[in-house]
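Colleague: sequence and predicted structure below; questions after.
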Amino acid sequence: MTGTSTTGATTLRALHHGRAPGDPLVLPNPWDAATARVLAAAGFPALATPSAGISASLGYRDGETPADEMFAAVARIARAVDVPVTADIEDGYGLAPAEIVDRLLEAGAVGCNLEDGDRAADALKDARRQADWLAEVRAAAGDSLVINARVDVFVRGEGARGRGAGGRTDPADQDRLVEEAIDRGRRYVAAGADCVYPIFAPPRLLPRLAAGIGAPLNAMADPDGPSIRELGESGATRITFGPRLFRRALAAVEDIAEQLRPA
């Protein structure tokens, strides 16, 4: 399994580099084996599982899915396709770094998202401790996992609360959030992260974040926001969608249900 996972991670890691500015890596987000097969058949070179989408599909609220069920869902998705799969495993569920790596590889994943937000406290984890923890994950994984370090500054940082995802803040607050995101991103890259994900960063800030962090940058696409090409031209190397594909599919089912509902 180690050889296979290393090969898959090498493939996924290479997809992050040498890309034209307007051609970012697009990683759609399947929430089960069926959607994974559809997306792989459409020609996407790799897939990224969404923790919120999987949670909803399993009947849990975001952040409340037990670790065993999340890893089992990831395993079903990875088994269903022949392309690399990277998994959003939130903050690692309190598992030790070596166990995180073992469980990801056992599930067939070749990458992961790891966030630096503390959901219980609605705050950010200490950046130094988070960097040390990511370094332990990297040491346990070697080259067998592509680590996407999620930075929650625009979700849980002071100045971001109460304004909505990507909402405008006071300019001074915004500058401070950007600088903190850059500082965290640099620390995480130095600790071994392959990519940095400043989730919900306003698209207008991507050029500053990309230049400041100096590593592949993950951005979330919004149907009402800039196009994938525009996000890439702004500095995003990798594009994901979080639970938005799941929500669009669920909306389609709701429309069908309405059509089928007895008069």
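Modeller: Thanks, I have the structure now.
Colleague: which stretches of this structure form helices?
Modeller: Applying DSSP state H to the chain gives helices spanning 2-14, 33-41, 51-57, 67-80, 97-107, 127-141, 153-156, 171-190, 206-213, 228-233, 244-260.
Colleague: adding mean neighbour count, write those helices out as JSON lines.
Modeller: Quick note: C-beta positions are derived from backbone N, CA and C, even for glycine. Below are these laid out as JSON lines (neighbours: other C-beta atoms under 10 Å):
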{"stretch": "helix 2-14", "mean neighbour count": "17"}
{"stretch": "helix 33-41", "mean neighbour count": "17"}
{"stretch": "helix 51-57", "mean neighbour count": "23"}
{"stretch": "helix 67-80", "mean neighbour count": "19"}
{"stretch": "helix 97-107", "mean neighbour count": "19"}
{"stretch": "helix 127-141", "mean neighbour count": "18"}
{"stretch": "helix 153-156", "mean neighbour count": "23"}
{"stretch": "helix 171-190", "mean neighbour count": "18"}
{"stretch": "helix 206-213", "mean neighbour count": "19"}
{"stretch": "helix 228-233", "mean neighbour count": "18"}
{"stretch": "helix 244-260", "mean neighbour count": "12"}
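Colleague: of all the ones you listed, which one is nearest Glu90?
Modeller: helix 51-57 (5.2 Å; C-beta to C-beta).
Colleague: confirm for me that Leu145 is in contact with Arg103.
Modeller: No - counting by C-beta atoms under 8 Å, Leu145 does not reach Arg103; the two are 11.2 Å apart.
Colleague: okay, now the unreliable bits of the stretch 1-150 of the chain?
Modeller: Within the stretch 1-150 of the chain, the stretches with pLDDT under 70 are 1-4.
Colleague: export the helices of the chain to JSON lines and tack on distance to Ala221?
Modeller: Below are these laid out as JSON lines (distance: least, C-beta to C-beta, whole Å):
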{"stretch": "helix 2-14", "distance to Ala221": "19"}
{"stretch": "helix 33-41", "distance to Ala221": "14"}
{"stretch": "helix 51-57", "distance to Ala221": "14"}
{"stretch": "helix 67-80", "distance to Ala221": "20"}
{"stretch": "helix 97-107", "distance to Ala221": "25"}
{"stretch": "helix 127-141", "distance to Ala221": "25"}
{"stretch": "helix 153-156", "distance to Ala221": "15"}
{"stretch": "helix 171-190", "distance to Ala221": "19"}
{"stretch": "helix 206-213", "distance to Ala221": "12"}
{"stretch": "helix 228-233", "distance to Ala221": "6"}
{"stretch": "helix 244-260", "distance to Ala221": "8"}
